[in-house]
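Visitor: 3D model of this:
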Amino acid sequence: MFELPEPIQKFLVKLISDTRLPAYMFIQSDGILKLSGGMLSVYGIGALNNDKPISEQVLFLEGLLPLTSSPLFLPHLNIDNNFAADVYLFNGNEGTWIVMLDASSEVRKRKPLQQKAHDLSLTVSELERTEAELIQEKEELATLVDDRTLELARTNLQLKLELQEKQKVENALRESEGKFRRLFESNMIGVMFRDANGVVTDANDAFLQMIGYERLDLLSGKIRWDEITAADSRSLDPQALQELRFRGAYTPREKTFIRKDGERVKLLFGAALIEGQQTVCYALSMD
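Guide: Presented below is the predicted three-dimensional model:
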């Protein structure tokens with residue numbers, strides 16, 4: 001029987017235990033919970049009773065069992081308000097194994113990335129090459145390992161895919177940031193950044209010209225959101241903030257700003273959340 005070398009087995013087990021908070025359950029073919037363990041409490045699952053139907057104890061499994069095809073992968077499943085999990089279901093000899101791995105960190109990281117890289121996709125050749133590699137690896141694994149080792153290998157393969165996907169997203173993010181930097185420096189539209197305290201931390205020359213401030217004012221921290229926003233436009237901020245928190249961006253709308261010389265200027269203004277409690281805003285002159 002083929003076995004992975006013991007040091008590799010220990011390394012894989014420790015890697016998953018240290019980083020993914022594994023938990024598991026085994027459900028018999030008749031739907032009765034037979035075995036459970038690991039970090040189930042992390043996912044809000046506790047006080048499980050063996051020899052009782054799992055559908056009465058873990059609600060998100062309702063309708064999934066009995067498993068008709070194996071394996072089944074449920075990525076980024078929202079278990080409760082604090083944790084998301086990657087859930088793997090696969091059939092064993094006498095029932096279904098369920099393995100849960102923490103995906104909360106990945107979910108939090110991907111939210112801002114998805115906004116910036118949503119229009120990027122894999123080319124057909126990349127998809128075909130990836131599919132061919134996966135099929136080849138699957139065929140090689142199927143001829144070398146028994147049922148138990150095969151399930152471990154599939155989990156390993158999924159981790160590899162996640163790392164590949166993460167690398168692709170990071171590459172897409174770098175490309176997107178490069179494009180944004182070129183737009184920022186082109187001064188085709190006004191762009192500025194503000195922090196959670198309302199301080200304008202960066203802006204391009206186009207935005208500074210719209211509000212009549214100098215770059216020295218920006219560098220000395222003298223440009224504040226509440227001071228450059230006209231009083232009759234501040235009433236729009238709560239509605240915009242609510243949309244910003246819900247969608248990660250809000251629809252461009254007309255706002256009135258106060259220039260450094262006291263003159264009022266109307267701008268078409270929009271914003272989006274980015275990492276580090278920062279907001280990036282863009283503006284077009286209404287004149």
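Visitor: so what's the residue nearest to M210 when sequence neighbours are not counted up against?
Guide: Leaving aside its sequence neighbours, M210 sits nearest to G190 (Cβ to Cβ, 6 or more residues apart in numbering; 5.0 Å). For every residue, glycine as well, the C-beta is placed using N, CA and C. G190 sits next to A203, N204, A206, F207, Q209, M210, L267, Y282, A283, L284, S285 when contact means Cβ atoms under 8 Å, 6 or more residues apart in numbering.
Visitor: now the residues you listed as JSON lines including pLDDT, distance to L273 and neighbour count?
Guide: Shown next, in JSON lines, are the contacts of G190 (pLDDT from 0 to 100; distance: Cβ to Cβ, whole Å; neighbours: other Cβ atoms under 10 Å):
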{"residue": "A203", "pLDDT": "91", "distance to L273": "17", "neighbour count": "24"}
{"residue": "N204", "pLDDT": "90", "distance to L273": "19", "neighbour count": "20"}
{"residue": "A206", "pLDDT": "89", "distance to L273": "22", "neighbour count": "20"}
{"residue": "F207", "pLDDT": "91", "distance to L273": "18", "neighbour count": "25"}
{"residue": "Q209", "pLDDT": "92", "distance to L273": "26", "neighbour count": "15"}
{"residue": "M210", "pLDDT": "90", "distance to L273": "22", "neighbour count": "21"}
{"residue": "L267", "pLDDT": "90", "distance to L273": "20", "neighbour count": "23"}
{"residue": "Y282", "pLDDT": "84", "distance to L273": "13", "neighbour count": "21"}
{"residue": "A283", "pLDDT": "88", "distance to L273": "17", "neighbour count": "23"}
{"residue": "L284", "pLDDT": "86", "distance to L273": "20", "neighbour count": "15"}
{"residue": "S285", "pLDDT": "83", "distance to L273": "24", "neighbour count": "13"}
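Visitor: Just those: which are in strands?
Guide: Among those, the members found in strands (DSSP state E) are A203, L267, Y282, A283, L284, S285.
Visitor: hey, C-alpha coordinates of the host helix or strand of L33 in PDB?
Guide: Using DSSP states H and E, L33 falls within strand 33-38. What follows is strand 33-38 as a C-alpha-only set of coordinates in PDB (Å, rounded to 0.1, in the frame of the first residue of the first chain):
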ATOM      1  CA  LEU A  33     -23.800  11.500  13.400                       C
ATOM      2  CA  LYS A  34     -21.200   8.900  14.400                       C
ATOM      3  CA  LEU A  35     -17.900  10.800  14.900                       C
ATOM      4  CA  SER A  36     -16.900  14.500  15.300                       C
ATOM      5  CA  GLY A  37     -13.800  16.400  16.400                       C
ATOM      6  CA  GLY A  38     -11.300  19.100  15.800                       C
END
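Visitor: Any regions of the stretch 151-287 of the chain where pLDDT drops low?
Guide: Scanning the stretch 151-287 of the chain for pLDDT under 70 picks out 152-153, 170, 172-180, 236, 275-277, 287.
Visitor: now the helices for it?
Guide: 205-211, 215-219, 225-228, 237-247 (DSSP state H, counting those that start in this stretch).
Visitor: which of the residues in the third one are buried?
Guide: Put plainly, it is helix 225-228. Buried residues in helix 225-228, counted by 16 or more other Cβ atoms under 10 Å: W225, I228.
Visitor: And for stretch 29-48?
Guide: So stretch 29-48, judged by 16+ other Cβ under 10 Å, has buried residues G31, I32, L33, S36, G38, M39, L40, V42, Y43, I45.
Visitor: so how far is E94 from the third one?
Guide: This points to L33. Separation of L33 from E94 (Cβ to Cβ, to the nearest Å): 13 Å.
Visitor: shared neighbours of those two, which are they?
Guide: Counting by Cβ under 8 Å, 6+ apart, L33 and E94 have no common neighbour.
Visitor: Please identify which helix or strand holds the closest residue to K166 other than its chain neighbours.
Guide: Spatial nearest neighbour of K166, excluding adjacent residues (Cβ to Cβ, 6+ apart): E106 at 7.7 Å. For E106, the host element (DSSP H and E) is helix 104-117.
Visitor: before we move on, what about N50?
Guide: N50 belongs to no helix or strand when assigned by DSSP H and E.
Visitor: how about the strands in the protein?
Guide: 23-28, 33-38, 72-78, 84-91, 95-102, 190-194, 200-203, 249-258, 264-274, 278-285.
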